[in-house]
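Engineer: dropping a prediction and its sequence here:
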Amino acid sequence: ICSSDADSSATTSDSSSTTDFATSLANNLQLSIQMNANFNHNIDCAAFKADWSLCYMQTFTFFYTGTEDYLDSNFRIYFSSIHRVLDVDSPAFEYGHVVGDLTYIQPTLSFQGFKAESEVTFPVIFEYWSVQETDKMPRFFVVDTRDNSSAVIPNTDTEKMQDFVIPYTSSMKTEG
């Protein structure tokens, strides 16, 4: 019993000295999501094995506000999507499905980092169609695998979707 008490106090003191890598990245990211097209988008949805061959595209833009380049690639950005991700159209990122509506994107070997005060933009293709500007839930969060820390991207920590979702520029949301 005494040795486990000593082990737990050592663990506590070790964890207090670790860096919270996820917070460092999340606090320097701002996400913007823009709906591109529900239809007439020239995407071969069947090639992605989309149910009913239906899919739509949104553009994710991550604004990196840090004053120094962020070159580490040991992170994932998790989000809740009621529609299955079919593709991330970027050589720098790939996606994975966790369970239910939980999905993540993560850097690939081609990821060159986030350059200081710059943005990274890429299209994401989802199954079916979007009912509004986005069907994503708020609170996208970063998990860093170096210390298993997690942190919400601040501008997505809201119930006001317009804080990170660009409104439609067209009144035509559906075919017909």
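Structural biologist: Right, received. Where do you want to start? Numbers count the residues shown, from 1 in each chain.
Engineer: could you list the buried residues of stretch 24-41?
Structural biologist: 24-35, 38 (16 or more other Cβ atoms under 10 Å). (Each C-beta comes from the backbone N, C-alpha and C, glycine too.)
Engineer: meant to ask about stretch 106-126
Structural biologist: 106, 107, 111, 114, 120, 123, 124, 125, 126.
Engineer: widest-spaced pair of these?
Structural biologist: Pairwise distances across these peak at 23.7 Å for 114 and 126 (criterion: Cβ to Cβ).
Engineer: ranges for the strands of the protein?
Structural biologist: Ranges of strands within the chain are 29-37, 55-64, 75-80, 85-88, 93-99, 102-107, 118-127, 141-144, 149-152, 165-166, based on DSSP state E.
Engineer: and the end-to-end length of stretch 78-97?
Structural biologist: One end of stretch 78-97 sits 10 Å from the other (Cα to Cα, to the nearest Å).
Engineer: scratch that, stretch 110-123
Structural biologist: Start and end residues of stretch 110-123 are separated by 16 Å (Cα to Cα).
Engineer: same thing with stretch 105-122?
Structural biologist: OK, stretch 105-122 end separation, Cα to Cα: 11 Å.
Engineer: the residue nearest the centre of the chain pairs with what?
Structural biologist: The chain has residue 77 as the residue nearest its centroid, 4.1 Å off, counting by Cα atoms, centre = their mean. Applying DSSP bridges to residue 77 gives these bridge partners: residue 105, residue 142.
Engineer: contacting residues for it?
Structural biologist: 104, 105, 106, 140, 141, 142, 153 (Cβ atoms under 8 Å, 6 or more residues apart in numbering).
Engineer: coming back round to it: and the strands of the chain, which one averages the lowest pLDDT?
Structural biologist: Comparing mean pLDDT across the strands of the chain, the weakest is strand 165-166, with a mean of 84.
Engineer: nearest residue to residue 71 in space, ignoring adjacent ones along the chain?
Structural biologist: Using Cβ to Cβ, 6 or more residues apart in numbering and skipping residues adjacent in sequence, the residue nearest residue 71 is residue 113, 3.8 Å away.
Engineer: got a list of what the one you found touches?
Structural biologist: 69, 70, 71, 72, 73.
Engineer: buried subset of these as a PyMOL selection?
Structural biologist: Buried residues among the contacts of residue 113 (16+ other Cβ under 10 Å), as a PyMOL selection:
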select buried, resi 70+72
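Engineer: of the contacts of residue 113, closest to residue 53?
Structural biologist: Among the contacts of residue 113, and counting by Cβ to Cβ, the member closest to residue 53 is residue 73, at 33.9 Å.
Engineer: the closest one touches residue 107, doesn't it?
Structural biologist: Yes: between residue 73 and residue 107 there is a contact under Cβ atoms under 8 Å: 3.9 Å.
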